[in-house]
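Q: A structural model of the following input is requested.
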Amino acid sequence: MVRALEELGAAVESEQAGEAFFAVDGLRGLYGGTSAGVLAAARRVVGEERRLATGSTRLAAFLVADQWPRPVPVAALRARLGAPPREVDELIEALERLGIETLRAFARLSTDQVSDRFGPLGLRALQLCHGEEEPLRPRTPHAEITEEIELPEGTAGRQLDRALELLVDRLLAVPQRKGRTLLGLRLGALLAGGGSWSVEQGLGRPSASPRVLRNVLAPRLEELPGPATALRLRAVGLGPPARDQLELAVGGAEPRRRRLRAAVREVRAAQGAEALLKILPVDDASRVPERWVLLTPYPEL
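A: The predicted structure follows:
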């Protein structure tokens with residue numbers, strides 16, 4: 001749910017399972033100019049069964065989404081104070097015994113009255129009733145980028161290198177990468193004899209070059225403890241967007257290379273990762289024609 005909201009552009013705070021908060025101010029311009037437009041977009045990605053609501057604070061949005069009755073009972077604070085359950089229950093029971101049964105009645109008390117009788121937890125509850133909350137603390141989005149390829153029985157040597165090349169091309173073509181560089185990789189395999197194997201590989205510097213990735217990963221294939229039935233490649237971390245790097249070239253080839261790179265990105269952005277493919281020779285000695293070549297995403301050059 002959180003990842004789906006982040007793909008809409010939301011900066012999401014989620015500190016309890018099944019619950020998320022995000023500010024709608026910066027999203028209105030993207031979804032019709034209204035909070036209702038933002039909610040409609042969020043509902044499409046998280047599902048109709050989710051309860052969505054807006055409010056001036058976390059507590060206000062929670063009360064609407066959770067459909068609390070009006071006037072709102074002080075029991076609604078139970079899920080919002082972030083304190084040990086026993087302390088929260090004691091506070092609510094004390095308020096109810098004193099005849100303070102709603103948030104509105106509690107909000108009429110002065111700070112001194114609440115501090116003397118209920119201490120720091122009571123003051124925290126009073127601040128919530130007055131709409132005083134700390135700013136949202138959005139999490140740092142974690143993009144899960146993984147590709148996997150099944151291997152025919154007996155894959156080894158040059159065929160294994162071709163499989164790795166295909167994996168790298170597919171990983172770089174994943175739309176979720178959004179042109180960003182990679183900071184590290186995890187190469188894994190499912191073993192024919194059962195079990196799995198994996199190894200992490202740092203890159204030294206952020207890179208999105210297929211050649212660089214293949215060169216650092218190819219030697220790790222020699223560490224495979226046995227025949228594999230599948231290879232898996234995961235991006236351990238994403239770095240800043242890849243920038244066009246000028247290279248010395250004879251005959252003005254670099255401008256043409258930059259134009260081709262831009263064209264590949266534009267077509268892939270408009271039509272998807274499979275819009276541009278190249279032929280990758282795999283096993284020209286195989287008796288099975290389907291193993292001679294594979295189609296792999298065209299590189300960004």
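
Q: residue boundaries of the strands in this structure?
A: Counting by DSSP state E, the chain has strands at residues 12-16, 19-22, 146-150, 180-191, 196-207, 228-241, 277-281, 293-297.

Q: Switch the ones you listed over to TSV; also include mean neighbour count, distance to Leu63 and mean pLDDT.
A: (C-beta placed from N, C-alpha, C; glycine too.) Below are those laid out as TSV (neighbours: other Cβ atoms under 10 Å; distance: least, Cβ to Cβ, whole Å; pLDDT from 0 to 100):
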stretch	mean neighbour count	distance to Leu63	mean pLDDT
strand 12-16	14	15	90
strand 19-22	20	13	94
strand 146-150	15	39	90
strand 180-191	19	39	87
strand 196-207	13	44	86
strand 228-241	17	37	83
strand 277-281	12	52	76
strand 293-297	18	48	74
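
Q: closest one to Pro138 among those?
A: Nearest of the strands of the chain to Pro138, taken as Cβ to Cβ: strand 12-16 at 5.3 Å.

Q: Each with direction, which strands does that closest one pair with?
A: strand 19-22 (antiparallel) (DSSP bridges).

Q: Could I get the CA-only coordinates of the partner strand as CSV?
A: Listed in CSV are the C-alpha atoms of strand 19-22, where the atom choice follows Å, rounded to 0.1, in the frame of the first residue of the first chain:
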residue,chain,number,x,y,z
GLU,A,19,-2.0,2.8,8.3
ALA,A,20,-0.4,5.6,6.3
PHE,A,21,-0.4,9.4,6.3
PHE,A,22,0.7,11.8,3.6
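
Q: would you turn the strands of the chain into TSV with distance to Val168?
A: As requested, those are exported to TSV (distance: least, Cβ to Cβ, whole Å):
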stretch	distance to Val168
strand 12-16	31
strand 19-22	34
strand 146-150	9
strand 180-191	9
strand 196-207	11
strand 228-241	7
strand 277-281	11
strand 293-297	9
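
Q: The ones you listed: which one's closest to Val88?
A: Comparing those under Cβ to Cβ, the one sitting nearest is strand 12-16, at 14.1 Å.

Q: quick one: terminal-to-terminal distance for stretch 70-86?
A: 26 Å (Cα to Cα, to the nearest Å).

Q: So which bits of it are buried?
A: Under the neighbour-count criterion of 16 or more other Cβ atoms under 10 Å, stretch 70-86 has 72-77, 80-81, 83 buried.

Q: Centre of the chain to that stretch, how far?
A: The chain centre lies 31 Å from the centre of stretch 70-86; the measure is Cα atoms, centre = their mean, to the nearest Å.

Q: now the helices for this protein?
A: Remark: helices assigned in the chain by DSSP state H are 2-7, 35-46, 58-65, 85-97, 103-107, 111-129, 158-172, 210-217, 253-271.

Q: what about stretch 93-107, how long is it end to end?
A: For stretch 93-107, the end-to-end distance is 16 Å (Cα to Cα).

Q: got it, and stretch 60-78?
A: One end of stretch 60-78 sits 14 Å from the other (Cα to Cα).

Q: Poorly predicted segments of the protein, please.
A: 141-144, 154, 242-255, 257-258, 261-262, 265-273, 282-285, 289-292, 299-301 (pLDDT under 70).

Q: do that again at 80, thanks
A: 7, 9, 140-144, 153-158, 175-180, 204-205, 237-276, 278-301 (pLDDT under 80).

Q: Can you mark which positions in stretch 148-157 are buried?
A: Buried residues in stretch 148-157 (16+ other Cβ under 10 Å): 149, 151, 155.

Q: just checking, the last one touches Arg162?
A: No: with contacts counted by Cβ atoms under 8 Å, Thr155 stays clear of Arg162, the gap being 9.0 Å.

Q: Who are the contact partners of Ala4?
A: For Ala4, the contact set (Cβ atoms under 8 Å, 6 or more residues apart in numbering) comprises 45-46.

Q: Quick check: which of the helices of the chain is nearest to Glu13?
A: Across the helices of the chain, closest to Glu13 is helix 58-65 (Cβ to Cβ), at 8.4 Å.
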